[in-house]
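> Take a look and give me a structure for this.
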Amino acid sequence: MPALPASNVGLGTGISGASSSVEAANVVTAAVMPTASTPAAAKVVIRLLVNRSMVGFSGPSSWYDSGMLDRRLGSLLFSNYLNLFGFSLFTPLYALFATQVGAGPELVGISWSFYTFVTAVMVLLFGRLETRIKDPGKAVVAGYFLLAIGAAAFLLVDNIVELFVVQAFNAIGAGMLLPAWKATYADDQHRGKETQQWALYDGGNMLFTAAGAAAGGIVLATAGFRGIFMVMAVLQFVAAIYSLRLVRGGKGRARKRARPALRTKRA
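Reported below is the predicted structural model:
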């Protein structure tokens, strides 16, 4: 793999300001647009992101007409894909960024271990707390807003201590989001279509992780890490705004499966 030009990979290098945002947006759009060679299953997931984006197109109505999705599930998937695509712009390049702010090989590994460990603790903590929330959609919205702030905070990182602080903040956002998102998605699934709907989630995650990883390197080469962090923050913010309809729409369906009562043997 050829080395990236030194002038394009620093926090303070590359195209800055409005021009870097335009370049980054063009790269992101090109990365997710389906082509003639894109598999049909991939096109279905990609169009959920493209058709339900900020430009105001209506969603893939055939999905809703067939009963595969409703508007609430579509909102959950759309915001999730935005979140994951933005996150995947940066994660393959994390070690490169960490070394530029002063981390050696040991600290690169330790800093990522620190992030995942704190995320695990926050997931366990918020998973326990969020069982008391009647509508976990509120925690989904709050988690996306925290992640948007956390993505923008990477713009301020100049040393390894600040990197650890920002990683801890992002871990809190992820810990708040993950259990609430999955609880909301599971509650709103259609009986008999759970396998298809989880396949859209997992398959879509893989597709957008791949697209984000590919786009991230291109954005870095053209707009630097500033471009990546700006795109990340915008995507997380749009996911937060879009997921507000989960709160406005009220609580989703009641749980489709009641927990079976325990049978006791009669003496």
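
> elements contacting the top helix by length along the chain?
Longest helix of the chain, by residue count under DSSP state H: helix 194-248. In terms of contacts (3 or more C-beta pairs under 8 Å, 6 or more residues apart in numbering; DSSP states H and E), helix 194-248 is packed against helix 17-32, helix 40-51, helix 71-90, helix 137-153, helix 160-188. Where you see a C-beta, it was placed from the backbone N, CA and C, and this is true even at glycine.

> and the closest residue to Ala148 other than its chain neighbours, how many neighbours does it have?
Leaving aside its sequence neighbours, Ala148 sits nearest to Gln236 (C-beta to C-beta, 6 or more residues apart in numbering; 3.6 Å). Gln236 has 28 neighbours, counted by other C-beta atoms under 10 Å.

> How about the contacts made by Gln236?
Neighbour list for Gln236: 82-83, 86, 144-145, 147-148, 150-151 [criterion: C-beta atoms under 8 Å, 6 or more residues apart in numbering].

> Identify the farthest-apart pair in the residues you listed.
Using C-beta to C-beta, the contacts of Gln236 span at most 14.8 Å, a distance reached by Leu82 and Gly150.

> neighbour-wise, which of those two wins?
Comparing Leu82 with Gly150 by other C-beta under 10 Å, the one with more neighbours is Leu82, at 25 against 22.

> any idea how far Ile228 is from Tyr115?
Using C-beta to C-beta, to the nearest Å, one gets 17 Å for the distance from Tyr115 to Ile228.

> Compare those two (neighbour count), which wins?
Using other C-beta under 10 Å as the criterion, Tyr115 and Ile228 rank with Ile228 on top: 26 against 19.

> Quick check, that one in contact with Ala221.
No - checked against C-beta atoms under 8 Å, the pair Ile228 and Ala221 is beyond contact range at 10.6 Å.

> Leu220: neighbour count?
Using other C-beta under 10 Å, Leu220 has 25 neighbouring residues.

> what's the spacing between Ala168 and Val118?
5 Å.

> who's more crowded, the two?
The neighbour count for Ala168 versus Val118, taken as other C-beta under 10 Å, is higher for Val118 (19 against 15).

> For the more buried one, give me its contacts.
Per C-beta under 8 Å, 6+ apart, neighbours of Val118: 167-168, 171-172, 175.

> these two touch, right, Tyr86 and Gly212?
You called it Tyr, but residue 86 is Gly. Yes - counting by C-beta under 8 Å, Gly86 does reach Gly212; the two are 7.0 Å apart.

> can you redo the helices and strands packed on helix 194-248 as TSV with distance to Leu125 and mean pLDDT?
As requested, those are exported to TSV (distance: least, C-beta to C-beta, whole Å; pLDDT from 0 to 100):
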stretch	distance to Leu125	mean pLDDT
helix 17-32	33	48
helix 40-51	31	48
helix 71-90	20	88
helix 137-153	12	92
helix 160-188	7	92
